[in-house]
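J.: I need the structure of the sequence given here:
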Amino acid sequence: MTDSTTTGTPAPGASESVHEETARQAYEQAASLQDIPLPKVTFTTFAMSIGSSALVQLGEVPDPETGRTVTDLRLAKHSIDVLTMLYEKTKGNLDEAEDRLLNEILYEVRMKFVIKAK
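T.: Below you'll find the predicted structure:
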């Protein structure tokens with residue numbers, strides 16, 4: 001059995017259960033077999049993804065899967081609330097560029113929400 005000194009990941013039971021470790025390994029193996037050209041997950045891509053979802057939900061851009069433009073203020077509010085929670089939980093831990101980006105995304109989707117909600 002490997003441990004954190006050889007792999008850089010916690011040994012099962014250290015901070016993950018054997019069940020969680022098995023699921024993580026199975027996922028990584030299955031994901032490595034997929035040819036999925038997606039950007040690396042970073043704070044920036046995560047925040048932009050949620051912001052993009054909010055824009056779709058606000059009817060500002062077409063849904064990339066259907067090509068249709070549909071407004072769902074309930075879902076848009078939820079996405080904005082997720083971004084707000086993310087901002088509050090990461091306050092003081094973001095670099096300047098990440099902080100500015102998240103503030104800009106929040107400003108844009110909040111203002112578009114206000115316009116759509118009238």
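
J.: run a quick neighbour tally on residue 91.
T.: Look at residue 91: counted by other CB atoms under 10 Å, it has 10 neighbours. C-beta coordinates here come from the backbone N, C-alpha and C atoms, glycine included.

J.: do the same with residue 60
T.: Using other CB under 10 Å: residue 60 sits among 17 other residues.

J.: quick one, phi psi at it?
T.: Backbone geometry at residue 60, expressed as degrees, to the nearest 10, gives phi -80, psi -30.

J.: would you mind measuring from it to residue 107?
T.: Distance check for residue 60 against residue 107: by CB to CB, to the nearest Å, it reads 14 Å.

J.: likewise residue 50?
T.: 14 Å.

J.: and the residue nearest the centre of this protein?
T.: For the chain, residue 46 is the residue whose C-alpha lies nearest the centre (CA atoms, centre = their mean; 3.5 Å).

J.: rewinding a little: higher neighbour count, residue 50 and residue 107?
T.: residue 50 (17 against 10).

J.: pLDDT (mean, whole number) over the host helix or strand of the more buried one?
T.: Using DSSP states H and E, residue 50 maps to helix 43-57. The pLDDT scores in helix 43-57 average 97.
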